[in-house]
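Engineer: Got a sequence here, can you model it:
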Amino acid sequence: MSLYDRIHFKMISFVHDTLYGLFVNPYKLLNAAGLKPGQKVLEVGCGPGFFTIPAARIVGEKGRVYALDINPVAVEAVRRKIKERGLKNVEVILADASKTGLPEESIDVAFLFGVIHALNDVDAVMQEMHRVLKARGVLSIQKSWWSEKKLLDTVTKNGLFSFKEKTSGVFKFEKSQKTSA
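Structural biologist: Sure, this is the predicted structure:
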């Protein structure tokens with residue numbers, strides 16, 4: 001990890017841990033994403049864990065959160081936060097979102113908050129989300145810098161997902177039964 005990457009992560013952490021929380025209620029967005037007690041949830045791009053801890057609280061002891069990030073500094077920071085809070089229902093994964101390593105059809109809800117615009121290969125990530133989501137699983141994406149049209153077109157273009165609804169800036173898609181692009 002380069003010095004630039006570490007400094008960049010520290011800046012993102014500062015913004016998320018201080019300023020972001022003044023304007024964004026993580027529980028409101030996670031509820032809009034469809035999180036419920038007992039679910040298995042995948043967080044793509046957990047960053048400093050702004051949504052990870054609230055997601056773990058929503059799914060509760062019978063649920064599980066898989067917090068994934070490609071940045072080792074982020075993964076290390078979230079693992080520390082989870083340990084400090086004594087949470088047992090979170091697994092932090094260092095991986096690319098297109099190769100999560102999770103079992104097929106094991107996830108109820110996958111959410112991508114503030115990251116879709118930063119993904120290297122969105123199509124590969126959509127394929128992976130389709131693979132890991134259970135039948136009728138939900139993919140929730142927070143509105144990003146992209147236009148609404150670009151977001152909808154990108155997620156639905158291969159027929160892997162169909163758009164369901166938009167609530168509080170969160171777009172919910174349902175997994176289609178189609179298995180290939």
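
Engineer: how about the strands of this structure, start to end?
Structural biologist: Secondary structure of the chain (DSSP state E): strands located at 40-44, 64-69, 90-94, 107-112, 133-142, 161-167, 170-175.

Engineer: could you list every residue that touches the closest residue to D108 other than its chain neighbours?
Structural biologist: Using Cβ to Cβ, 6 or more residues apart in numbering and skipping the chain neighbours, the partner closest in space to D108 is Q39 (4.1 Å). For every residue, glycine as well, the C-beta is placed using N, CA and C. The contact partners of Q39, taken as Cβ atoms under 8 Å, 6 or more residues apart in numbering, are 59, 63-64, 108-109.

Engineer: quick one: which two of those residues are the most distant?
Structural biologist: R64 and V109 (11.3 Å; Cβ to Cβ).

Engineer: hang on, the earlier thing: return the most buried member of the strands of the chain.
Structural biologist: Among the strands of the chain, the stretch with the highest mean neighbour count (mean count of other Cβ atoms under 10 Å) is strand 40-44, at a mean of 27.

Engineer: Show me what that strand is in contact with.
Structural biologist: So strand 40-44 is in contact with 35, 51-52, 55, 59, 63-68, 97, 100, 102, 106-113, 115, 125, 129, 132, going by Cβ under 8 Å, 6+ apart.

Engineer: Sketch out the low-pLDDT regions of the chain for me.
Structural biologist: Across the chain, the ranges flagged by pLDDT under 70 are 1, 4, 6, 8-22, 178-181.
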